[in-house]
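Asks: sharing a model prediction with you, sequence too.
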Amino acid sequence: MLTGVGSLRIDDAMWNYLPKVDRTIKIPPSMMLQPWMGSNFSNDDLVKESSFVDDYTHELAGVDDSGEVTVYRVTTVARKLLN
């Protein structure tokens, strides 16, 4: 069974592991503004100095386990918007 794409950040560089082709690729600077895994976050958002855990609040919005894998839906809001 294949698992999902893995992402790794080292300093300002972003790497993705693609299980379908069993390869690790470095994300070029031209793709840093592209969405990260279909989300509203870009690859560039992930390599900035902000902390996804510390700068955002997270709430489990739902769970769907009707398919082959369990899917968790998480609502994330920037703490700056809450203040």
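Replies: Good, I have the coordinates.

Asks: and Ser30, how far from Val47?
Replies: Computed as C-beta to C-beta, to the nearest Å, the Ser30 to Val47 distance reads 14 Å. Where C-beta positions appear, they are placed from N, C-alpha and C, glycine not excepted.

Asks: what does Met37 give?
Replies: Applying C-beta to C-beta to Met37 and Val47 gives a distance of 14 Å.

Asks: between those two, who's got more neighbours?
Replies: Set side by side, Met37 and Val47 show unequal neighbour counts under other C-beta atoms under 10 Å, the larger going to Val47 at 16 against 11.

Asks: verify the contact between that one and Met14 for me.
Replies: Yes: using C-beta atoms under 8 Å, Val47 is in contact with Met14, at 5.7 Å.

Asks: got a list of what the residue nearest the centre of the chain touches?
Replies: Of all residues in the chain, the one closest to the mean position by C-alpha atoms, centre = their mean is Trp36, 5.4 Å from it. Contacts were defined as C-beta atoms under 8 Å, 6 or more residues apart in numbering; by that measure Trp36 touches Ser7, Ser42, Asn43, Asp45, Leu46.

Asks: then Val63?
Replies: Each residue near Val63 by C-beta under 8 Å, 6+ apart is listed here: Thr70, Val71, Tyr72, Arg73.

Asks: can you tell me the helix or strand for the third one?
Replies: Right, Tyr72. Of the helices and strands defined by DSSP states H and E, Tyr72 is found in strand 71-78.

Asks: how distant is that strand from the center of its chain?
Replies: Using C-alpha atoms, centre = their mean, to the nearest Å, we find the averaged C-alpha position of strand 71-78 to lie 11 Å away from the chain's own average C-alpha position.

Asks: next: stretch 60-71.
Replies: Average the C-alpha atoms of stretch 60-71, do the same for its chain, and the two points are 17 Å apart (C-alpha atoms, centre = their mean).

Asks: wouldn't Val71 be in contact with Asp64 here?
Replies: Yes: assessed by C-beta under 8 Å, Val71 is found in contact with Asp64 at 4.5 Å.

Asks: now Ile25: which helix or strand?
Replies: Using DSSP H and E, the secondary-structure element containing Ile25 is strand 23-26.
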